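> Provided below for reference: sequence and predicted model.
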Amino acid sequence: MAAGRMRSTRRLRSWIVEQVSSGKYPGLVWDDEAKTMFRIPWKHAGKQDFRKDEDAAIFKAWAEFKGKLTDGGQDNPAAWKTRLRCALNKSPEFKEVMDRAQLDISEPYKVYRLVPISEQGVVMPEKKSREKASRRSKRRRSDSDSDDASDDKQIKREEATSQLSVEESPVQTEEATRCTTFIQTDSVDEIRLDVRIEESVTAPVGAQDSFNVAVYYLGQEVLKRQIQGTDVRVTYLPSSLIPPTPAVLKGRFPRILLPEPPSTLPAGPELQALFTLLPFMEKGVVLTSTPQGVYGKRFCQGRVFWTGPHTTMPDLHKMERNTEPVLLFNKEIFKQQLDHFRSNGGEPPQCGFTLCFGEELSNSEDPSKKLIIVQITLPWEEQQVQNAQSIFESITILQSLASQSPLGEITLNLVTVPSPTNESIGCGTF
């Protein structure tokens, strides 16, 4: 059995590498020169600009490769996406690189790394023994079931999981993750579901406070960092100045230092304007995360404009000096939008905001044309959206199954399953 699973994951790896290298799927490209990481398009099917033939092409190809494009499932992008996502997350040969993902842009994508064999986990002998015993128990139950209904035929089996390891994300969410196995029988007009639900641990105090910060000069990314904590200052430090010693910085919150313009930027008046602007950003902008939201306060001489998802102000938003901090991201509005998205799908809530230094910026303008753009995304909020999307996609699969049932319905019987802290976690039955 173990050997069979290994062949399956090897087949997935070789298939993925082949598809990325082919270049025939929009957005499916290598993320690094060494070809150890790849980008995969991740646009939600509920978006208005969703293009099934392009945005779901790689997911449909995997479903076709696995023989899942059967009657009733040939036109379900959400189900295709769930299958490939679950296959990638279950395989020890892939690992999601969350800090390289871009989910709030017009063409969102995730990044996965090809895990070398030397880094892949191994199953301990004790765990193997328990797994073998569990499989023997399942076979005995299967044999017993076959005596009662010898004509039963298993036609579909899918496992859907969105588990996160501590290494992949510093935050343990409160959402449930699920692993679904469904069996439709010919002799009985019903669909039987085996579902595993794992209760996760409440996030530790302060774990929700972190920032992903990306800095762009004239549309080119020049810096990307993740900051853990409730505060961060984005500022410029002239290269002629001596950086403060660690003793001086002790007790202060982290800083993002705007770098000198790289040589890769094209020469011209825009580059000269960038060199002129940077010294005016010396005192920078301070961002602070609170239970209400993320606030920004301007200290620099240079002008600062911003765009965000939760403002009711006019199109242009300027951050003034010597005033109260400005609410850039409203956590209460985000929670309301997340609840609606979890229940109804559609457009996922945004998880960040954009700062523009030295120039005006409106929601309708292209940030890549600006001298200095600082894009802030919030990892904890991004994870909540991903969890909500996983749950909504699981519900979509259940609805699809219900449509295949002659009675148009599915009955779920709840059975308690062990806590995820228990090593003998198995699949419960619903």
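That came in fine, so what should we check first?
> what residue ranges in the protein score low on pLDDT?
When residues are selected by pLDDT under 70, those of the chain lie in 1-10, 70-74, 121-207, 239-252, 312-314, 399, 401-430.
> need the longest helix for it.
Determined from DSSP state H, the single longest helix within the chain is helix 379-404.
> For that helix, buried residues please.
For helix 379-404, a neighbour-count test (16 or more other CB atoms under 10 Å) marks 379-394, 396-398, 401, 404 as buried. No exception for glycine: its C-beta is placed from N, CA and C like everyone else's.
> what angle do the helix or strand hosting residue 355 and helix 379-404 make?
If you go by DSSP states H and E, residue 355 is part of strand 352-357. Note on geometry: by axes from the mean of the first three to the mean of the last three CA atoms, to 10 degrees, strand 352-357 and helix 379-404 are set 140 degrees apart in direction.
> Partner strands of strand 352-357 and their direction?
Partners of strand 352-357 in the sheet, by DSSP bridges, are strand 304-307 (antiparallel), strand 372-377 (antiparallel).
> Rebuild the ones you listed as CSV, extending it with mean neighbour count and distance to residue 273.
Shown next, in CSV, are the strands paired with strand 352-357 (neighbours: other CB atoms under 10 Å; distance: least, CB to CB, whole Å):
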stretch, mean neighbour count, distance to residue 273
strand 304-307, 22, 16
strand 372-377, 22, 10
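> could the ones you listed be laid out in a markdown table, adding distance to residue 281?
Converted to a markdown table, those look like this (distance: least, CB to CB, whole Å):
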| stretch | distance to residue 281 |
| --- | --- |
| strand 304-307 | 9 |
| strand 372-377 | 7 |
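> For residue 267, find the nearest of the ones you listed.
Closest approach to residue 267 among the strands paired with strand 352-357 is made by strand 372-377 (17.6 Å; CB to CB).
> just the CA coordinates of the closest one, formatted as PDB?
Output of strand 372-377 as PDB, limited to C-alpha atoms (Å, rounded to 0.1, in the frame of the first residue of the first chain):
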ATOM      1  CA  ILE A 372       7.700  54.200  -4.800                       C
ATOM      2  CA  ILE A 373       5.000  51.700  -4.000                       C
ATOM      3  CA  VAL A 374       4.800  49.800  -0.700                       C
ATOM      4  CA  GLN A 375       2.300  46.900  -0.800                       C
ATOM      5  CA  ILE A 376       1.200  45.600   2.600                       C
ATOM      6  CA  THR A 377      -0.600  42.200   2.900                       C
END
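> what about the helices in the stretch 151-300 of the chain?
Listed from the start of the chain, the stretch 151-300 of the chain has helices (DSSP state H, counting those that start in this stretch) covering 246-249, 269-277.
> Could you name the helices and strands sitting against the last one?
Other elements packing on helix 269-277 under the criterion 3 or more CB pairs under 8 Å, 6 or more residues apart in numbering; DSSP states H and E are absent; no helix or strand qualifies.
> What angle do strand 372-377 and that helix make with each other?
80 degrees.
> send the alpha carbons of helix 269-277 over as PDB?
Below are the C-alpha coordinates for helix 269-277, written out as PDB (Å, rounded to 0.1, in the frame of the first residue of the first chain):
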ATOM      1  CA  PRO A 269      13.900  61.400 -15.600                       C
ATOM      2  CA  GLU A 270      11.900  59.000 -13.600                       C
ATOM      3  CA  LEU A 271      15.000  57.500 -12.000                       C
ATOM      4  CA  GLN A 272      16.300  61.000 -11.200                       C
ATOM      5  CA  ALA A 273      13.000  61.800  -9.600                       C
ATOM      6  CA  LEU A 274      13.300  58.700  -7.500                       C
ATOM      7  CA  PHE A 275      16.800  59.700  -6.200                       C
ATOM      8  CA  THR A 276      15.400  63.100  -5.400                       C
ATOM      9  CA  LEU A 277      12.400  61.700  -3.500                       C
END
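> Show me the contact partners of it.
217-218, 261, 265, 302, 357-358, 371-372 (CB atoms under 8 Å, 6 or more residues apart in numbering).
> Kindly report the same for stretch 332-340.
Contacts of stretch 332-340 (CB under 8 Å, 6+ apart): 292-293, 309-310, 346, 349, 351, 381, 384-385, 388.
> Could I get the CA-only coordinates of that stretch as PDB?
Output of stretch 332-340 as PDB, limited to C-alpha atoms (Å, rounded to 0.1, in the frame of the first residue of the first chain):
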ATOM      1  CA  GLU A 332     -14.400  44.400  11.700                       C
ATOM      2  CA  ILE A 333     -15.400  45.100   8.100                       C
ATOM      3  CA  PHE A 334     -13.000  42.300   6.900                       C
ATOM      4  CA  LYS A 335     -14.700  39.900   9.300                       C
ATOM      5  CA  GLN A 336     -18.100  40.800   7.900                       C
ATOM      6  CA  GLN A 337     -16.900  40.300   4.400                       C
ATOM      7  CA  LEU A 338     -15.200  37.000   5.300                       C
ATOM      8  CA  ASP A 339     -18.500  35.700   6.900                       C
ATOM      9  CA  HIS A 340     -20.400  36.600   3.700                       C
END
